[in-house]
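In: need a structure here:
(chains A and B)
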Amino acid sequence: MSSLVCDIVTPAEKLYSQEAYMVTVPGIEGSMGYLQGHEPLVSVLSDGIARIQPSSDAEVQRFVLQGGYVEVTGEKVIILADRACPVEAVDAEAVAVKLAALEADLAASSGDAAERALLATDIAWCKAQMGALA
Amino acid sequence: MPNLKDIEKRINSVRSTKQITRTMEMVAAAKIRRANERVEAATPYADSMAEMLAHVAELVKGSDCALLQTHDEVKCTLIVAVVSDRGLAGGFNANVLRRVERLMKEKAAIGIQTHLIACGKKAVGYFNYRKIKPVLEFRDLSADPTVEEAASIAAYAIEGYTSGAIDEVVVVYNHAKNAAEQVLREERILPVDTGVLLAAREGTYHRELKAERDSAQEKARLHGEFAFEPSAEAVLDRLAPAYVKTTLYHALIDSAAGEQGARRNAMKSATDNATEMVDTLTRIYNRVRQGAITTEISEIVGGAAALEE
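Out: As a prediction, the model looks like this:
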């Protein structure tokens, strides 16, 4: 059966690299699914979940992504994300605690735009993880 | 003639120093592996990012993305000095710092203003002593650089560059060529030079990978190039800052790996020197002891001979 090779890469590690039958990603203008032989495409991704189906009858694997890009050639899908992790690895309680702490930090932090921006990204990441579980 | 006791003391002191340097050598050796793993883990991302950017930039020639445009006149340069938090790593820190200082002097000579970002305590200390105030300082991160650190450097650089306050960004760091060797690198990260990107892509690609890629690209051409979503310009606008960030992060972790390598080398030669010194001192010690015994014997013999007469 024809298939694609799908890579999920973050600055910290190469998270996933395997053959896949279908890959669905959260494009900035809406969800997109790729099969083998897809038109070459580069897109910005929004925060959300990528779904990878290793073969047409296999179970779907899900990954939470933040701030990414995708490049598709006919045989290969490369997902570059600032952060990513498998949905099964998300610990709902830990994330909820972290989110609360971050929001408190953001409320308490004064002025410094760079610091606030960093906090906001962390919060967005927590929310993306929560969203994946919901 | 040196006193026996003094020599013994010195031998002991050198021996305990040797123990310390030997331990540091082993610690550094263990850390090298971890640091190298991190570099290896980050490389695919950096490569794919560079490749993607090269693709996009090639297609969107003459774009007005601020980060790709060279400023007509360079009036202000931002220098990012990447060194470590700790010393005892041979010339690791000094090489970078001296190069940065020379660079600043050169720029000053042709009337270019310079700003400095110091990563690592050693850089902060060095420039504070010379009354140069870095615009941003990072401490306690050199052994474990974070993406966030790179992000805040990148944010500062990008903001300065787009607003026109900074016309050029240069990063100076040690590249870990292998576990034993570090090479000083000076890279211009802004403006982003897509020509270099393309050339690097051609140069570094593995043969088979390239062949595979070429066939894919050939197909892409047949299909009428890449499609972009939302648009090529928008993708480029997002990709260029991310690329700057990635390059910086890569420089930071590369330097972290280099630091451990440099420290191991420095500590290895320190241990070797200590071993040699203990040998020499032991030899002197034995000679002195032998001398003392000989003197004693000749004194006794002399005394006995005097009694006989």
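
In: how about the residue nearest the centre of chain A, secondary structure?
Out: Nearest residue to the geometric centre of chain A (Cα atoms, centre = their mean): residue A:65, 1.3 Å. What DSSP: H, G, I helix; E, B strand; the rest coil gives for residue A:65 is strand.

In: quick one: pLDDT of the closest residue to it other than its chain neighbours?
Out: Closest residue to residue A:65 apart from its sequence neighbours, by Cβ to Cβ, 6 or more residues apart in numbering or on different chains: residue A:81 at 4.4 Å. Quick note: C-beta positions are derived from backbone N, CA and C, even for glycine. pLDDT for residue A:81: 86.

In: got the phi and psi for residue A:81?
Out: Backbone geometry at residue A:81, expressed as degrees, to the nearest 10, gives phi -130, psi 150.

In: what of the one 5 residues further on?
Out: Note on residue A:86: backbone dihedrals following degrees, to the nearest 10 are phi -70, psi 140.

In: residue 94 sits in which helix or strand?
Out: This is for chain A. helix A:92-108 (DSSP states H and E).

In: you answered for a different chain; I wanted chain B.
Out: Residue B:94 belongs to helix B:92-109 when assigned by DSSP H and E.

In: buried residues in that helix, which are they?
Out: Across helix B:92-109, burial judged by 16 or more other Cβ atoms under 10 Å in any protein chain shown covers B:92-93, B:95-97, B:99-101, B:103-104, B:107.

In: determine the three-state secondary structure at residue B:189.
Out: strand.

In: which residues are in contact with it?
Out: B:157, B:169-171, B:244, B:247-248 (Cβ atoms under 8 Å, 6 or more residues apart in numbering or on different chains).

In: could you redo the last one with a cut-off of 7 Å?
Out: The neighbours of residue B:189, taking Cβ atoms under 7 Å, 6 or more residues apart in numbering or on different chains as the test, are B:169, B:171, B:244, B:247-248.

In: would you turn the residues you listed into CSV with pLDDT and distance to residue A:108?
Out: Listed next are the contacts of residue B:189 as CSV, based on pLDDT from 0 to 100; distance: Cβ to Cβ, whole Å:
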residue, pLDDT, distance to residue A:108
B:169, 89, 32
B:171, 90, 33
B:244, 87, 30
B:247, 87, 33
B:248, 88, 28
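
In: restricted to strands, list those residues.
Out: Here DSSP state E is the test, and the contacts of residue B:189 give B:169, B:171 as lying in strands.

In: what is the nearest of the contacts of residue B:189 to residue B:150?
Out: For the contacts of residue B:189, the residue nearest residue B:150 by Cβ to Cβ is residue B:248; the value is 4.3 Å.

In: taking helix A:92-108 as reference, get the angle to the helix or strand following the helix holding residue A:94.
Out: With elements assigned by DSSP H and E, the helix or strand that comes after helix A:92-108 is helix A:113-133. Helix A:113-133 and helix A:92-108 are oriented at 150 degrees to each other (axes from the mean of the first three to the mean of the last three Cα atoms, to 10 degrees).

In: list the buried residues in helix A:113-133.
Out: Across helix A:113-133, burial judged by 16+ other Cβ under 10 Å covers A:118-119, A:121-123, A:125-126, A:128-129, A:132.

In: helices or strands up against the helix or strand harbouring residue B:50?
Out: Using DSSP H and E, residue B:50 falls within helix B:4-59. Secondary-structure packing of helix B:4-59 (3 or more Cβ pairs under 7 Å, 6 or more residues apart in numbering or on different chains; DSSP states H and E): strand A:4-9, strand A:41-44, strand A:76-86, helix B:194-204, helix B:232-308.

In: how about a cut-off of 8 Å?
Out: strand A:4-9, strand A:14-20, strand A:41-44, strand A:61-72, strand A:76-86, strand B:168-178, helix B:194-204, helix B:232-308 (3 or more Cβ pairs under 8 Å, 6 or more residues apart in numbering or on different chains; DSSP states H and E).

In: and the ones you listed as JSON lines, adding distance to residue B:54?
Out: Conversion of the helices and strands packed on helix B:4-59 to JSON lines gives the following (distance: least, Cβ to Cβ, whole Å):
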{"stretch": "strand A:4-9", "distance to residue B:54": "16"}
{"stretch": "strand A:14-20", "distance to residue B:54": "20"}
{"stretch": "strand A:41-44", "distance to residue B:54": "12"}
{"stretch": "strand A:61-72", "distance to residue B:54": "11"}
{"stretch": "strand A:76-86", "distance to residue B:54": "14"}
{"stretch": "strand B:168-178", "distance to residue B:54": "19"}
{"stretch": "helix B:194-204", "distance to residue B:54": "4"}
{"stretch": "helix B:232-308", "distance to residue B:54": "10"}
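
In: check what pLDDT residue A:75 gets.
Out: With respect to pLDDT, residue A:75 scores 81.

In: compute the distance between it and residue B:228, please.
Out: Between residue A:75 and residue B:228 the computed distance is 19 Å (Cβ to Cβ, to the nearest Å).

In: comparing those two, which residue is more hemmed in?
Out: Per other Cβ atoms under 10 Å in any protein chain shown, whichever of residue A:75 and residue B:228 has more neighbours is residue B:228, with 20 against 16.

In: make sure that one is indeed in a helix.
Out: No. Using three-state DSSP, the secondary structure at residue B:228 is strand, not a helix.

In: beta partners for it?
Out: Bridge pairing for residue B:228 (DSSP bridges) gives the partners residue A:42.

In: correct me if wrong: it contacts residue A:39.
Out: No. Assessed by Cβ atoms under 8 Å, residue B:228 is found out of contact with residue A:39, at 11.2 Å.

In: what's near enough to touch residue B:151?
Out: Going by Cβ under 8 Å, 6+ apart, residue B:151 touches A:118, B:245.

In: pLDDT score assigned to it?
Out: 82.

In: and it, how far is that from residue B:101?
Out: Distance from residue B:151 to residue B:101, by Cβ to Cβ: 27 Å.

In: again with residue B:269
Out: Counting by Cβ to Cβ - residue B:269 and residue B:101 are separated by 26 Å.

In: got it, and residue B:242?
Out: The value you get for residue B:242 to residue B:101, if Cβ to Cβ is used, is 31 Å.

In: could you do residue A:26 as well?
Out: Counting by Cβ to Cβ, the gap from residue A:26 to residue B:101 is 47 Å.

In: thinking again about what came up before, any chance of the buried residues of helix A:113-133 in a markdown table with distance to residue B:24 as columns?
Out: Supplementary listing: the buried residues of helix A:113-133 in a markdown table, determined by distance: Cβ to Cβ, whole Å:
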| residue | distance to residue B:24 |
| --- | --- |
| A:118 | 34 |
| A:119 | 37 |
| A:121 | 37 |
| A:122 | 35 |
| A:123 | 41 |
| A:125 | 37 |
| A:126 | 39 |
| A:128 | 42 |
| A:129 | 40 |
| A:132 | 44 |
